[in-house]
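Undergrad: Fold the following for me, if possible:
(chains A, B and C)
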Amino acid sequence: MSTGTVRFLIGAAIFLALAYGLTRLVSNEYVFFALYVVLQFIVLATAWNILGGYAGYVNFGSGAFFAVGAYTGVALYKALATPILLQVVAGAFVSGLLGLAVGALSLRLRGIFFSIATVAVAIVLETVVVNTPYLGGAKGLPILRPEPPALFHSYLEWTFFLMAMLAVLAVFCARYVETSWIGRGLRAIRDNEGAAECSGVPTLKLKLFAATLSGALMGAAGAPFALYLSFIEPTSVFNLNYAVSALAMPIIGGMSHWIGPVIGAVLLGTVQQLVTVTISSELNVLVVGVLLVLFVVGAPDGILGLVRKLRRPKAASAAGAAA
Amino acid sequence: MDIELLYEAILAGILLGCFYAAVSLGLSIAFGLLDVPHIAHPAFLVLGAFATYVLVGHGLDPILGGVLLMPLFFVLGLGVYQFYYVTFERRGTDQGLRGLAFFFGIAFIVEVLLILRFGVDQRMVEAPYIGQSLELGDTRVPWRMIVAFGVALVLMLGLTIFLSRTFIGRAIKAVAQDEGALRLMGADPVRIKRLAFGLAVAITALTGALLIVVGPVDPGLGRIYIGRTFCVVVLGGLGSVPGTIVAGLILGVVESIVLSTAGAAWAPAVAFGILLLVLAVRPAGLFGR
Amino acid sequence: MKALRFLALAAAALLFAGVAAAQQPIKIGIGIAQTGPLGGGGKAALLALNMWVDDVNARGGLLGRKVQLIAYDDQSNPATTPGIYTKLLDVDKVDLLIAPYGTNPTAPIMPLVKQRDLLLMGNFSFDVNAQIKHDKWFNNAPWGAGAVQWGGTFLEAGKQLGAKTIAFLAADAEFAQNLCTGGRAIAKAIGLQNVYDQNYPPNTVDFSSMLRAVRNAKPEIVFICSYPSESAAMVRAVNEIGVGPSVKLIGGGMVGLQFAPIMESLGPMLNGFVNYNSYVPEKTLDNPGIREFLAKYRTRAIAEKVDPLGFYLPPYNYAIGQMIEQAVTATKSLDQKVLADYIHKNEMKTIVGNIRYDAVGEWATPKMVMAQFRGIKGKDLEQFRQPGKQVIIAPAAIKTGDVLPFDKARN
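TA: Numbers count the residues shown, from 1 in each chain, chains lettered A, B, ... in the order given. So this is what the prediction gives:
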């Protein structure tokens, strides 16, 4: 294992220890309620970026993969009272399959067709859920949480910690993909797919892999949702706002490195939480939209890019001239 | 199912389908002909609808209002395209993601601005032809659908003639086919594309007026129409206006039949389901280039 | 915006909470629709609650402390309510909770209040406690548990008109589904034949296809369970393409036809519809308490640009305040269990009558009405204040007229 990986793992361990410490020290449930959402977005943004930032294929239907994970979890819980960890695995598996299916359908075509396909999948699946009374249909399902495991005061704190673990897992996967030959291949695809294909990069296989992994992580993020909220209903889970946030956070944070989506998720997620409950939900969407446009137009490499430019302006322009 | 019900559903579907074709025209030009990932098209549609609502508040007929809005929206389209071109298109194809995200952001901003100005509630307009229906034997056909059908038909015929008979129209089709060749012929492709995009958005103003004639509009309506408009444009084949018309009719009739039988709960999936089917089987669409 | 004003109030309250002052206000929290489809009703309801807060504070407050209402807008969206109520409990630290207006936004927080064992004053939900059976829930709505009274009265009226067939149209949402399920059972029990049964997604705008299909099935009763924007759209669609000559009775569970803005915009299109209501200005429902309340309400409503009639929700929301006042004053406590026990055991005296609760927190004796819209001319709102525009056709004890077949009442 390289020193980089060792350092990363140590950092992850510290992060998880801090998260656990928080559950012991803080008793205000609302804190965990809000932090859960931010952690969830870290997973979603990181997952999105594997296909979007690394390969250049924009997924507009992140809500669908998230929701599939959530409803898989709900179905298992209702039928067999499965523990939440198993729900996460199942959610990841089903969403991964969905990613593979959508990819197989549309990744052969131009990028925008993949994006349109993801929107289509989101709406079709939402309609299916609405028409399935077992999953609650349009009116939703209230869920009673089970007792929390031994180390936690309340179930909410346990789901919070679980999401922290998922965040670490997602970032680890993204980092692995980025630094391996897979990442190189994906970057080649993003820069010029035709040239990559000609150079022998197995473009379709790599794209399908990225789509599957991305979907699986999103599904894993979705699985604990019903138990976290003790309620699930289609319009909020399939919401286009998830899709936009999952897309805006990596763009704002920076798409080229795994830490970009994390930065974007923490920043935007926190702002959203503050705005939604204090002022209004509309302003929340406006904030996302405006930031998205500003960054896409003015700072295409996101906050990471801005930081890089500020740190080494001469080196950056020299690199720019050479490239 | 009852044959009478089927006949009524098909009739309603044809009227509805023509309307769907009309609201997709702007996208057909912007995305189909110009390759601009104009995912904000439905948002502009809703914007047009609300602008019409404001004009009707001042006493105008909605269709007239829509026509009056066209020059305004034309200028808007010019501006949006110019900005898009300078920021994204000029810098090469790897900007595809950013262009897409840009329009997505624009769509969101338009929606939220509408919510802030008008609230989340539905708005309707009143006109002599809204709320009344024409009696044809046993069926009653709502006048608002007939009016929408008529305006849509005129719009589509007008556009088809424009694209094939006028100089600029043919230039637009040319720039879609081969930009390089057009440049060699002495025309400026960027200027043509800008005009075309402006035209697309101008059409959207009038079809936005049709939108609020056909039914109540709320700021979130754009999201549902993303599916319908892209379905029509992809099914019809990118770059083909006749294709858009045929695809619109197909969507309208299928949706109408599904609504009358399997139930309204499956209606949203119709457009998107057809879309996925087309992408899987024949991505070029019916009349694609 | 009300939410902003209360946010400022809440922020100020939290600031002073740090100072251990003996005069801390009693905080009552609610998430209630101020925007979205239920917004029209929610605004009127919140106004009534504020009226009660002002009245009780003028009398010296509760237990010697001022009462403060902390309200957030749930936008008629069920997904926002768990977050709002968690915030009310953990951040604003409220003492008592009132439920959101409506079944759909309330359903998501039932598990939350059950797990934390909290008192929840219901606000016009339907059967939302039927599964969970929380013992600290009390609904202010007069329809009682189950669809027996609601569906029963409507369907009996249909039988009176000689109907044998029925069609059901229901939104795919908690309230509408609960009501329709009950309605179907009753229809079967009294021998009506179900010829058309369709659910539609919430916020459907165009009902012409569905109405065509309904007309094709030739039902004599059409039982509709819908939310405000759909109710309005359906009335318009019936007006535009008609529902067929076979229909004798139409309506039943259409929320929204009680809100003044909708009544005003539909006007004569409402004639003939038979729909539920909680209060209409007919002489059998009149009492001095309500008359006084409506007079005061009217002045404030016009000033704040809210539903000026105030028939449907406001008196019942004022009643929530009265019930809280009665329970807290009698038990001299804010303990959730003590208050819940008191309300279960005692008769609650309010401007909408004396209420006794059953085991699941619904009215033991339902008191809702089925009224038929008649004789509405033009879009004038004031005509609705006169008796005779919403004739009570059931229950028999308080009826003010016999139900007319739909096409007769249309003209």
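Undergrad: A:Phe15: how many residues sit nearby?
TA: 15 (other Cβ atoms under 10 Å in any protein chain shown). Any C-beta I mention is one placed from the backbone N, CA and C, and that applies to glycine too.
Undergrad: got a list of what it touches?
TA: A:Phe15 makes contact with A:Ala164, A:Val168 under the criterion Cβ atoms under 8 Å, 6 or more residues apart in numbering or on different chains.
Undergrad: how near is it to chain C?
TA: Per Cβ to the nearest Cβ, to the nearest Å, A:Phe15 is found 24 Å from chain C.
Undergrad: State whether that residue is indeed within a helix.
TA: Yes. A:Phe15 sits within a helix when classified using DSSP: H, G, I helix; E, B strand; the rest coil.
Undergrad: can you tell me how far it sits from A:Leu22?
TA: 11 Å (Cβ to Cβ, to the nearest Å).
Undergrad: If we ignore the residues flanking it in sequence, what's nearest the most centrally placed residue in chain A?
TA: What sits nearest the mean C-alpha location of chain A, by Cα atoms, centre = their mean, is A:Leu44, with 0.9 Å. Nearest residue to A:Leu44 in three dimensions, chain neighbours excluded: A:Ala246, at 4.4 Å (Cβ to Cβ, 6 or more residues apart in numbering or on different chains).
Undergrad: now do A:Glu29
TA: Counting by Cβ to Cβ, 6+ apart, the residue nearest A:Glu29 is C:Asp90, at 4.8 Å.
Undergrad: Now do the contacts for that neighbour.
TA: A:Asn28, A:Glu29, A:Tyr30, A:Val31, A:Phe33.
Undergrad: Report the buried members of those.
TA: With burial judged by 16 or more other Cβ atoms under 10 Å in any protein chain shown, the buried subset of those is A:Glu29, A:Tyr30, A:Val31, A:Phe33.
Undergrad: Need those residues in TSV (columns: secondary structure and pLDDT).
TA: Output for the buried ones among the contacts of C:Asp90, formatted as TSV (DSSP: H, G, I helix; E, B strand; the rest coil; pLDDT from 0 to 100):
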residue	secondary structure	pLDDT
A:Glu29	helix	79
A:Tyr30	helix	81
A:Val31	helix	83
A:Phe33	helix	82
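Undergrad: Closest one to A:Gln272 out of those residues, please.
TA: A:Phe33 (13.4 Å; Cβ to Cβ).
Undergrad: my read: that closest one touches C:Thr86, true?
TA: Yes. Between A:Phe33 and C:Thr86 there is a contact under Cβ atoms under 8 Å: 5.3 Å.
Undergrad: Number of residues surrounding residue 160?
TA: No chain was given, so I picked chain A. A:Phe160: 26 neighbours (other Cβ under 10 Å).
Undergrad: my question was about chain C
TA: 14.
Undergrad: and it, how far is that from chain A?
TA: Taken as Cβ to the nearest Cβ, the span from C:Gln160 to chain A is 32 Å.
Undergrad: Show me the strands in the chain, by range?
TA: Went with chain A since none was named. A:141-142, A:231-232 (DSSP state E).
Undergrad: oops, I was thinking of chain C
TA: C:26-31, C:67-72, C:96-98, C:120-122, C:137-139, C:165-171, C:193-200, C:221-226, C:249-254, C:274-277, C:348-350, C:353-355, C:369-373, C:390-394.
Undergrad: Who are the contact partners of A:Ile143?
TA: A:Val74, A:Tyr77, A:Ala226, A:Leu227, A:Ser230, A:Phe231, A:Ile232, C:Pro111.
Undergrad: Report pLDDT for it.
TA: Per-residue confidence (pLDDT) for A:Ile143: 80.
Undergrad: And for A:Ala316?
TA: 51.
Undergrad: pLDDT below threshold where in the chain?
TA: As the question left the chain open, I've gone with chain A. Where chain A drops to pLDDT under 70, the residues are A:1, A:276-282, A:313-323.
Undergrad: nope, chain C
TA: Checking chain C against pLDDT under 70 turns up C:1-3, C:6, C:8-22, C:203.
Undergrad: Pull the contacting residues for the residue nearest the centre of it.
TA: Centre of chain C computed as the mean C-alpha position; nearest residue by Cα atoms, centre = their mean is C:Phe124, 3.7 Å away. With contact set as Cβ under 8 Å, 6+ apart, C:Phe124 has these partners: C:Gly41, C:Ala45, C:Tyr101, C:Gly102, C:Asn139, C:Asn140, C:Ala141, C:Leu313, C:Tyr316.
Undergrad: For A:Gly11, grab the count of nearby residues.
TA: Other residues close to A:Gly11 by other Cβ under 10 Å number 12.
Undergrad: mind checking how far it is from chain B?
TA: With Cβ to the nearest Cβ as the criterion, A:Gly11 and chain B are 29 Å apart.
Undergrad: got it, and A:Ser2?
TA: 30 Å.
Undergrad: picking that back up, deepest-packed of the strands of chain A, please.
TA: strand A:231-232 (a mean of 25; mean count of other Cβ atoms under 10 Å in any protein chain shown).
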